[in-house]
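Undergrad: here's my sequence, what's the structure:
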Amino acid sequence: MLTDEQLVEASLKGEDSAFAELVERYQERLLRFLLTRAVCRADAEDAIQDTFINAYRYLASFNPRWRFSTWIYRIALRNLARQARQEQHITDEGLTAEDDPLQECIDRSERENVWLTARRILSAEAYSAMWLRYVEDMSVKEISRALEKSLSWTKVTLLRGRRRLASELAEADSDSEQRESYG
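TA: Residues are numbered from 1 along each chain as shown. This next block holds a predicted model:
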């Protein structure tokens, strides 16, 4: 199996199947990542499409001393951010959880899911750093490059994110146990 960097080289030499393999390797991973940041699935899918178009167009600018995954995630984040600036989304009816039992159920489900909880309580950048570290298994150095932040910022953000998430989950567990004892 060829490395990402070998596939880039082959693609630059005109082997279309090499770039197709890169798309195959990263398409689902990027979709999962962008779904956590996008307003809707269509936005994430559009950003992925733009990402691979841009990656193909600018493949010659890829620097092989960095990992391809870092480069492609950076492109994806930029595309999603550019897209978000261009669009405005309108909510359906503006119902609150008190008015909408379905929304109440969704809110409860979100509290039980670690990543949805993290998305709710962390900043977008902190959430992205956590996702890249614990889901995509990137190193701190790779995350700092992908998010265009310093190593120190990345380390501190990951530490604070873990602490905040642990605190939130512990509080949620405590609240759940209290409800069960009263109910």
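
Undergrad: just the helices in the chain please.
TA: Read by DSSP state H, the chain holds these helices, from start to end of the chain: 4-12, 16-35, 41-57, 68-86, 101-112, 114-121, 124-134, 140-146, 151-182.

Undergrad: comparing the ones you listed, which yields the minimum mean pLDDT?
TA: Within the helices of the chain, the stretch with the lowest mean pLDDT is helix 101-112, showing a mean of 58.

Undergrad: before we move on, back to that, now the helices of the chain in a markdown table, with mean neighbour count?
TA: Heads up, the C-betas are built off the backbone N, CA and C, glycines and all. Shown next, in a markdown table, are the helices of the chain (neighbours: other Cβ atoms under 10 Å):
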| stretch | mean neighbour count |
| --- | --- |
| helix 4-12 | 17 |
| helix 16-35 | 16 |
| helix 41-57 | 17 |
| helix 68-86 | 18 |
| helix 101-112 | 12 |
| helix 114-121 | 16 |
| helix 124-134 | 20 |
| helix 140-146 | 20 |
| helix 151-182 | 13 |
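
Undergrad: A118: what's it in contact with?
TA: Residues counted as contacts of A118 (Cβ atoms under 8 Å, 6 or more residues apart in numbering) are 127, 130-131, 161, 165.

Undergrad: from those, which is closest to M1?
TA: Nearest to M1 out of the contacts of A118 is W131 (Cβ to Cβ; 25.1 Å).

Undergrad: what's the separation between that closest one and T117?
TA: 13 Å (Cβ to Cβ, to the nearest Å).

Undergrad: shouldn't L12 be in contact with A60?
TA: Yes - the pair L12 and A60 passes the contact test of Cβ atoms under 8 Å, sitting 6.2 Å apart.

Undergrad: got the phi/psi numbers for D137?
TA: D137 adopts backbone torsions of phi 60, psi 40, taken as degrees, to the nearest 10.

Undergrad: sorry, slip of the keys, the one I care about is S123.
TA: Backbone geometry at S123, expressed as degrees, to the nearest 10, gives phi -70, psi 160.

Undergrad: which residues are in contact with stretch 126-143?
TA: For stretch 126-143, with Cβ under 8 Å, 6+ apart as the criterion, the contacting residues are 29, 32-33, 36-37, 67, 69-70, 73, 77, 115, 118-119, 122, 146-147, 149, 151, 154-155, 157-158, 160-162, 165.

Undergrad: perfect, I'm done here.
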